[in-house]
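Student: turn this into a structure:
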Amino acid sequence: MQQFLKGLPKVELHAHLNGSLGIESLRDLGERLYGSTSHKLLELSALRFQKNLDACFESFKFIHELTSTAEGLRFATELAVRDFAQDNVQYVELRTTPKENENYSRRDYLQIVIDAIEKAKEKYPDTLVKLLPSINRTEPVAVAEETVSLAVELAQSRSDLIVGIDLSGNPAHGKFSDFAPILARAREKGLKLAIHCAEIDNPSEVKEMLQFGMSRCGHGTFLSPEDIVLLKQRNIPIECCLTSNVKSGTVPNLEEHHLKRIMEADAPKVISTDDSGIFDTTLTQEFLLAAETFGLTHKQCIELTLEAVNHSFASDQEQKEMAERVAKYASTLQI
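Tutor: From the prediction side, this is the model:
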């Protein structure tokens, strides 16, 4: 099964840029930026997480330090694409929150990432990358407004690359209602919405989010059976990130992961990594865990991949080409 999944042309729909750097990429990045002093710095990256969501968000601080310069951010983006390409991921939507410091503005940040994605395309032509600028719900609303304004502006000339907006950040902080008008503006301008929803047990906010609507639901850990039925009726997929949920403590173990309930309800779903570097996983590994835990067959893994194709923010032509690659792979294995 592992060999089959490694060869499968996979589709990644929930991946945060800074969290997607594996240990080898962090080492490469540290050596590029700090030379011989990188080993001391990289000790900080070897964090072992307690089962606590807050601790996982703390782990990003070191990675953000590595990407606090234009060179670091540019190289990190290329390395993230490299890691997905090495896992035979044919399509990935990278999410990242534009940041500003003494080295770059939020506009600069997005342009650096865009340029790096373009450069990575030359090295990894079989991996198609899209960009979802992220709103961090722990930051002021004014920052979210700037992020959406930049995304809308840049999407006018790069609609092939900037395809949506992500709402993420620590779900225990900030109020969704504060960001709803900004998200509504992004949607009116043609951007898709990938919203972290029901990541913690907050039924009133979940109801508010579902009423507002979204293109895809991130995590959906604490969705009620009625919520899942509603998403099924609206054909809104739930982005399931098994290792992330277990290591962050929002799910007690793999056997109790909500993917099982979603599959039983025959609701739309996709398997994703969330932060493959932070949680030391790959999309191949996530599929393998799902297969081993819930008894997925080769055919079901193919079907899940095609679901991801259909729910991606790629163009119709791009989706067609991705589906053809999956079908071609399946035909060689007589699946």
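Student: quickly list what V89 is bridged to.
Tutor: K10 (DSSP bridges).
Student: find the helix or strand that the residue lying closest to F279 once chain neighbours are set aside is a member of.
Tutor: Nearest residue to F279 in three dimensions, chain neighbours excluded: T243, at 4.7 Å (CB to CB, 6 or more residues apart in numbering). (Each C-beta comes from the backbone N, C-alpha and C, glycine too.) With elements taken from DSSP states H and E, the one containing T243 is helix 242-248.
Student: chain center to that helix: distance?
Tutor: Going by CA atoms, centre = their mean, to the nearest Å, the spacing between the C-alpha centre of helix 242-248 and its chain's C-alpha centre is 14 Å.
Student: ok, and what's touching that helix?
Tutor: Helix 242-248 is touched from outside by 49, 51-53, 56, 219, 221, 251-254, 257, 259, 271, 273-275, 278-281, 285-286, 289-290, 293, with contacts defined as CB atoms under 8 Å, 6 or more residues apart in numbering.
Student: now stretch 77-88
Tutor: By CB under 8 Å, 6+ apart, the residues outside stretch 77-88 that reach it are 6-10, 12, 15, 17, 20-22, 24-25, 28-29, 92, 94, 112-113, 116-117, 119-120, 123-124, 126-127, 129, 276-277, 282-284.
Student: okay, it in PDB with CA atoms only?
Tutor: Extracted C-alpha coordinates of stretch 77-88, given in PDB (Å, rounded to 0.1, in the frame of the first residue of the first chain):
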ATOM      1  CA  THR A  77       9.000  28.600  -0.400                       C
ATOM      2  CA  GLU A  78      11.100  26.700  -2.900                       C
ATOM      3  CA  LEU A  79      12.000  24.100  -0.300                       C
ATOM      4  CA  ALA A  80       8.300  23.600   0.600                       C
ATOM      5  CA  VAL A  81       7.500  23.000  -3.000                       C
ATOM      6  CA  ARG A  82      10.500  20.600  -3.300                       C
ATOM      7  CA  ASP A  83       9.200  18.600  -0.300                       C
ATOM      8  CA  PHE A  84       5.800  18.200  -1.900                       C
ATOM      9  CA  ALA A  85       7.300  17.300  -5.300                       C
ATOM     10  CA  GLN A  86       9.400  14.600  -3.700                       C
ATOM     11  CA  ASP A  87       6.300  13.100  -2.200                       C
ATOM     12  CA  ASN A  88       4.800  13.000  -5.700                       C
END
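Student: returning to that earlier point: any of the contacts of helix 242-248 buried? List them.
Tutor: In these, burial by neighbour count holds for 49, 53, 56, 219, 221, 251, 254, 257, 259, 271, 273-275, 278-279, 281, 285-286, 289-290, 293, counting by 16 or more other CB atoms under 10 Å.
Student: now do the helices in the stretch 1-150 of the chain.
Tutor: If DSSP state H, counting those that start in this stretch is used as the criterion, the helices of the stretch 1-150 of the chain fall at 2-7, 23-34, 38-43, 53-58, 60-66, 70-86, 106-123, 141-157.
Student: which one of those lies closest to Y329?
Tutor: Proximity to Y329 (CB to CB) singles out helix 2-7 among the helices of the stretch 1-150 of the chain, at 6.6 Å.
Student: hmm, who's touching that closest one?
Tutor: Contact partners of helix 2-7, identified using CB under 8 Å, 6+ apart, comprise 87-88, 284, 287-288, 291, 298, 301, 329, 333.
Student: with stretch 303-322 instead?
Tutor: With CB under 8 Å, 6+ apart as the contact definition, stretch 303-322 has outside contacts at 8-13, 90-91, 93, 128, 130, 132, 160, 163-164, 192, 215-216, 237, 268-271, 287, 290, 296, 323, 326.
Student: in stretch 9-26, which residues are buried?
Tutor: So stretch 9-26, judged by 16+ other CB under 10 Å, has buried residues 9-22, 25-26.
Student: mind listing the helices for the stretch 201-335 of the chain?
Tutor: In order along the chain, the stretch 201-335 of the chain carries the following helices (DSSP H, counting those that start in this stretch): 203-212, 225-234, 242-248, 259-264, 283-294, 298-311, 316-332.
Student: fine, thanks again, bye for now.
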